[in-house]
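# Sequence first, predicted model second:
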Amino acid sequence: MDKWRTVRSPDRPLITSWHVVTFGGMGFALILLSIPAWIITRRISRPLQHLASAAQAARIGSPLAAPQEGSREVRELAVAFSDMHDRIGHHVEGRTTMLAAIAHDLGTPLSRLAFHIEGLPEAARARRCRCR
């Protein structure tokens, strides 16, 4: 007779009731916590959405309606964006003024050239430039 005794326990299933209860509780907690997380996320991102809408609606020369709500960082971003919009507006205004001045300054020489060309004989005016 063999002096050794072995005890064998039956094979347990892969998923036990403990697993079901634990995973079910975790799932319920996840769903329960995701609702306030979603609400908080929407509250945080709403000022950024308003700033993005203001950026898309921005036009040169018109005032920018940057939102002044949200966290300190978002308010600072809105102020910086508004300042940038103003700087770009001043740049465009300066460029337009410069182009108007250049066009005005070129008006006289171009008029003189046109007057000179009109005074040329017909054969010289009909001839095309072969500059290329």
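Arrived safely, thanks for sending. Residues are numbered from 1 along each chain as shown.
# Distance check, the spatially most central residue of the chain against Glu69.
Centre of the chain computed as the mean C-alpha position; nearest residue by CA atoms, centre = their mean is Ala52, 6.7 Å away. Separation of Ala52 from Glu69 (CB to CB, to the nearest Å): 14 Å. For glycine as for every other residue, the C-beta is placed from the backbone atoms N, C-alpha and C.
# Quick check: which ranges of this protein have low pLDDT?
Flagging of the chain using pLDDT under 70 yields the residue ranges 1, 125, 128-132.
# circling back: sticking with the residue nearest to the centre of the chain, tell me its helix or strand.
When elements are assigned from DSSP states H and E, Ala52 belongs to helix 17-57.
# Who are the packing partners of that helix?
With contacts taken as 3 or more CB pairs under 8 Å, 6 or more residues apart in numbering; DSSP states H and E, helix 17-57 sits against helix 72-118.
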